[in-house]
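Enquirer: got a structure for you, letters missing:
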């Protein structure tokens, strides 16, 4: 986890890429666990033989929501916290688009661009972060999003 930065340092980062995560493997075991957690057992995710035979993907693919759910792991290793932050709250998304499927066995990583910091009320800062999740060795990203987080001081 990167060191915490004060407010002035955060404001100076607006408009810049602030981090790129490490690569994370999306293997069939992870996909199956997500399917069990969400009760989404569609064959394109959990049946490698059928997915290979009946889809253009050549095998199973991760749930789009699984890819999205990896963002916390990736943001914690890359994005600096606001110094004095007592807690960070996931405030949701302005936009999420699933651009390309993540095939089982591929690795993904995220790039984060701090797009805006706005004080909502004293001691609360709303951070808008642009996110692109890349798939190793592929031209198209898995997803692009605009993610909101609230820092409470």
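Expert: Yep, it's here. Everything numeric here is computed off the predicted structure, so don't read it as measured data.

Enquirer: CA atoms for contacts and neighbours, from now on please.
Expert: Will do.

Enquirer: now the strands for the protein?
Expert: 17-20, 24-26, 87-98, 106-121, 124-135, 143-152 (DSSP state E).

Enquirer: Can you say which of those strands is packed in most?
Expert: strand 124-135 (a mean of 22; mean count of other C-alpha atoms under 10 Å).

Enquirer: quick one: strands adjacent to that one?
Expert: strand 106-121 (antiparallel), strand 143-152 (antiparallel) (DSSP bridges).

Enquirer: And the average pLDDT for that strand is what?
Expert: Strand 124-135 carries an average pLDDT of 98.

Enquirer: Minimum distance to residue 38: which of the strands paired with strand 124-135 has it?
Expert: Shortest distance between residue 38 and these, using C-alpha to C-alpha, is found for strand 143-152: 19.7 Å.

Enquirer: ok, and what's touching that closest one?
Expert: Residues outside strand 143-152 that contact it (C-alpha atoms under 8 Å, 6 or more residues apart in numbering): 67-68, 82, 85-100, 123-134.

Enquirer: That strand vs strand 87-98, what angle?
Expert: Between strand 143-152 and strand 87-98, the angle comes out at 170 degrees (axes from the mean of the first three to the mean of the last three C-alpha atoms, to 10 degrees).

Enquirer: need the contact list for the residue of the chain most remote from its centre.
Expert: No residue in the chain sits farther from the centre than residue 53, which is 29.8 Å out by C-alpha atoms, centre = their mean. Counting by C-alpha under 8 Å, 6+ apart, residue 53 touches residue 59.

Enquirer: Tell me where the model's unsure across this structure.
Expert: Across the chain, nothing is flagged by pLDDT under 70.

Enquirer: Give me the neighbour count for residue 63.
Expert: 23 (other C-alpha atoms under 10 Å).

Enquirer: Could you double-check that it sits in contact with residue 31?
Expert: Yes - taking contacts as C-alpha atoms under 8 Å, residue 63 lies within contact range of residue 31: 7.3 Å.

Enquirer: Grab the nearest non-local neighbour of residue 123.
Expert: Among residues not flanking residue 123 along the chain, residue 153 sits closest, at 4.9 Å (C-alpha to C-alpha, 6 or more residues apart in numbering).
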